[in-house]
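Q: using only what follows, build the 3D model:
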Amino acid sequence: MPSADHFAFIAPCSTALAERVPEICQDPPGFDRMAFHHDVNEAVVAFFRKQLGPLAAIGGRRPLLYERR
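A: Residues are numbered from 1 along each chain as shown. Presented below is the predicted three-dimensional model:
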C-alpha cells in the first residue's frame, strides 16, 4: 500500500465529514480510497474463508472452545 497515507484506512468520508475535518479525507493524487477499501475488504474475506473453511459460511457454527458462563 505504498501510496496510502495514515488516514487512507478510514472509510471514505461523507460530505459532512469532509467539510468538518478535511485533513482526514484528502488522499494523495492518484489514490482511490473507495477502490482501496474494496480491495482490502475482498482480501480480508478471502483470507478468513481460506483459514476457516466451511465455518466461514454465513450462519456457520464454530466449535465451542471454552465453557460459557
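Q: need the helices for the chain, in chain order.
A: All helices of the chain, identified by DSSP state H, fall at 15-20, 33-52.
Q: out of those helices, which is closest to residue 27?
A: With distances scored as C-beta to C-beta, the stretch of these nearest to residue 27 is helix 33-52 (5.4 Å). C-beta coordinates here come from the backbone N, C-alpha and C atoms, glycine included.
Q: gap between that closest one and the chain center?
A: Average the C-alpha atoms of helix 33-52, do the same for its chain, and the two points are 7 Å apart (C-alpha atoms, centre = their mean, to the nearest Å).
Q: against residue 15, how distant is residue 40?
A: Separation of residue 40 from residue 15 (C-beta to C-beta, to the nearest Å) stands at 23 Å.
Q: got it, and residue 3?
A: Summarising the geometry, the distance separating residue 3 from residue 15, computed by C-beta to C-beta, is 24 Å.
Q: try residue 5
A: Separation of residue 5 from residue 15 (C-beta to C-beta): 21 Å.
Q: just for this protein, where's the confidence low?
A: Confidence mapping of the chain against pLDDT under 70 gives the ranges 1-2, 54-69.
Q: okay, which residue is most central for it?
A: Most central in the chain under C-alpha atoms, centre = their mean is residue 41, positioned 4.6 Å from the mean C-alpha point.
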